[in-house]
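A.B. asks: Build me a structure from this.
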Amino acid sequence: MPKPPMNDTITLLVPTVDDEGQTIKDKHGRPITERKSTDARVQYTAKVTRNNEATANDSFLVIDLPPETEIEDDYTIEWTNRFGKVIKGPVEGIEEVLNYGGTIVYFRKVYMNKTPAQN
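C.D. replies: Now for the predicted structure:
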């Protein structure tokens with residue numbers, strides 16, 4: 001399976017850690033982050049769930065990253081969409097796309113939840 005074309009660029013906000021593995025925070029208690037840019041493919045995905053009572057719409061971003069990109073659950077992703085709006089959010093899930101033998105990682109799928117506000 002070839003990797004998808006990665007025509008977007010995202011910025012990973014990686015929390016810095018000290019020698020003991022603890023996240024370094026500023027005076028306001030927010031983690032100090034290091035910015036890393038990488039190529040990606042970003043796409044909006046919507047999922048509609050229907051039952052007897054109501055219909056729920058869930059929308060989220062699916063981000064495909066190259067296999068050499070290091071990513072973890074506590075990272076934050078920043079992306080400028082095609083309309084110039086900056087979208088920023090935490091990593092909600094990571095998935096690896098492997099070959100059938102499980103020995104080669106083709107690319108990583110990262111999920112970022114951007115559900116619209118319910119009124």
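A.B. asks: Please count neighbours and contacts with C-alpha atoms only from this point.
C.D. replies: Will do.
A.B. asks: And the residue of the chain positioned farthest from its centre, what's its pLDDT?
C.D. replies: Distance from the centre of the chain peaks at Asn52, with 32.4 Å (Cα atoms, centre = their mean). You'll see Asn52 listed with a pLDDT of 80.
A.B. asks: again with Glu20
C.D. replies: pLDDT at Glu20 comes out at 88.
A.B. asks: just to revisit the earlier point, quick one: secondary structure of the residue farthest from the centre of the chain?
C.D. replies: coil (DSSP: H, G, I helix; E, B strand; the rest coil).
A.B. asks: So for the helix or strand bottoming out on mean pLDDT in the chain, what gets flagged as buried?
C.D. replies: Ranked by mean pLDDT, DSSP states H and E, the helix or strand of the chain with the weakest confidence is strand 55-65, at a mean of 84. Of the residues in strand 55-65, Ser59, Phe60, Leu61, Val62, Ile63, Asp64, Leu65 count as buried by neighbour count, 16 or more other Cα atoms under 10 Å.
A.B. asks: Without its sequence neighbours, what residue ends up closest to the fourth one?
C.D. replies: For Val62, the nearest residue in space outside its immediate sequence neighbours is Tyr111; the separation is 4.9 Å by Cα to Cα, 6 or more residues apart in numbering.
A.B. asks: which element is that neighbour on?
C.D. replies: Tyr111 belongs to strand 105-113 when assigned by DSSP states H and E.
A.B. asks: any weak-confidence spans in this protein?
C.D. replies: 1-2, 114-119 (pLDDT under 70).
A.B. asks: Run through the bridge partners of Ile77.
C.D. replies: Ile77 has these beta-bridge partners by DSSP bridges: Leu12, Gly89.
A.B. asks: right, I mislabeled it, should have said Val97
C.D. replies: Phe107.
A.B. asks: ok so, going back, in the strand holding Tyr111, what's buried?
C.D. replies: Quick answer for strand 105-113 (16+ other Cα under 10 Å): Tyr106, Phe107, Arg108, Lys109, Val110, Tyr111, Met112, Asn113.
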